[in-house]
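> Structural data only, the sequence is not supplied:
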């Protein structure tokens with residue numbers, strides 16, 4: 001800051017950045033744009049898309065494989081699924097062993113998920129999220145060249161963890177028969193409501209509503225035990241009368257079981273048996289079953 005003749009303050013103009021600094025900033029911005037434009041893929045693969053922990057056993061294991069061509073550091077913890085929290089903020093009655101470890105390229109490792117014994121409902125299962133945070137090694141300076149910008153992207157994968165008490169009256173395989181669908185019309189538009197009267201979480205992998213071969217897909221929700229979820233339809237199905245609802249439900253083995261129901265106006269859908277089973281992929285880049293490829297900056 002420079003003082004003028006009358007004592008008031010005048011701010012000096014900022015110096016222009018050097019050409020070298022400008023080039024470096026441009027390279028860093030270019031690398032960041034490339035990283036954000038390309039999807040991040042998790043190289044850490046689990047042998048299941050969900051983990052079911054029987055509370056009477058108190059623990060469950062999970063095998064991991066590093067499919068990357070380089071070693072990674074892995075941090076694992078269980079929390080409520082919020083992406084803006086880390087292991088230091090975790091609030092879940094589960095411990096993961098080991099919590100931090102190195103996994104070589106092509107290597108495998110086993111995790112143990114231990115129930116701490118904290119009180120949980122006994123008439124339904126509880127759900128949490130297993131977080132797998134993989135950090136690639138930082139390349140040495142000789143590999144990148146002096147002054148070159150390097151952007152290292154860590155990836156966080158999340159898997160559902162179901163803590164299941166003993167003695168639940170419904171077989172997990174029969175959850176699909178405990179779902180009811182209702183079509184509602186009101187001033188806010190048309191919506192489909194899914195009710196779940198089972199003690200298990202119902203994770204839908206696909207949901208379509210239509211009539212006369214005109215279908216519209218909606219975001220498939222997860223319905224809590226003894227709960228309900230409502231999904232707004234993009235548009236009202238054309239024509240009067242009943243509509244069809246077809247959906248797929250993820251079972252304990254990670255398979256997508258499909259079914260189709262008829263909904264009469266604002267009444268519940270008529271139940272029918274599952275029409276088919278399709279095996280789920282080992283991991284998917286989005287919810288509802290596994291969330292992966294989330295770049296982390298910490």
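Structure received. Bear in mind the structure is a predicted one, so any value in this text is a computation, not a measurement. Residues are numbered from 1 along each chain as shown.
> For stretch 233-244, measure first residue to last.
13 Å (CA to CA, to the nearest Å).
> elements contacting the strand or helix carrying residue 60?
Per DSSP states H and E, residue 60 falls inside strand 59-66. Applying 3 or more CB pairs under 8 Å, 6 or more residues apart in numbering; DSSP states H and E, one finds that strand 59-66 makes contact with strand 44-46, strand 50-54, strand 108-115, strand 126-135. (C-beta placed from N, C-alpha, C; glycine too.)
> which of these is buried the deepest?
Most buried of these, by mean neighbour count (mean count of other CB atoms under 10 Å): strand 126-135, with a mean of 22.
> Distance of residue 260 relative to residue 175?
From residue 260 across to residue 175, the span is 16 Å (CB to CB, to the nearest Å).
> show me what contacts the closest residue to residue 54 other than its chain neighbours?
Counting by CB to CB, 6 or more residues apart in numbering, the nearest residue to residue 54 once its immediate chain neighbours are dropped is residue 164, at 5.7 Å. Residue 164 makes contact with 52-55, 125, 200 under the criterion CB atoms under 8 Å, 6 or more residues apart in numbering.
> Apply 10 Å and report the result again.
Counting by CB atoms under 10 Å, 6 or more residues apart in numbering, residue 164 touches 52-57, 60, 120, 124-127, 172, 199-200, 252.
> returning to that earlier point: export the helices and strands packed on strand 59-66 to CSV and append columns for distance to residue 191 and mean pLDDT.
Listed next are the helices and strands packed on strand 59-66 as CSV, based on distance: least, CB to CB, whole Å; pLDDT from 0 to 100:
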stretch, distance to residue 191, mean pLDDT
strand 44-46, 35, 93
strand 50-54, 28, 97
strand 108-115, 37, 97
strand 126-135, 24, 96
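> Dump those strands into TSV; add distance to residue 80 as well.
Listed next are those as TSV, based on distance: least, CB to CB, whole Å:
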stretch	distance to residue 80
strand 44-46	19
strand 50-54	15
strand 108-115	15
strand 126-135	6
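> Can you list the low-confidence ranges for the stretch 1-150 of the chain?
Where the stretch 1-150 of the chain drops to pLDDT under 70, the residues are 1-42, 140-150.
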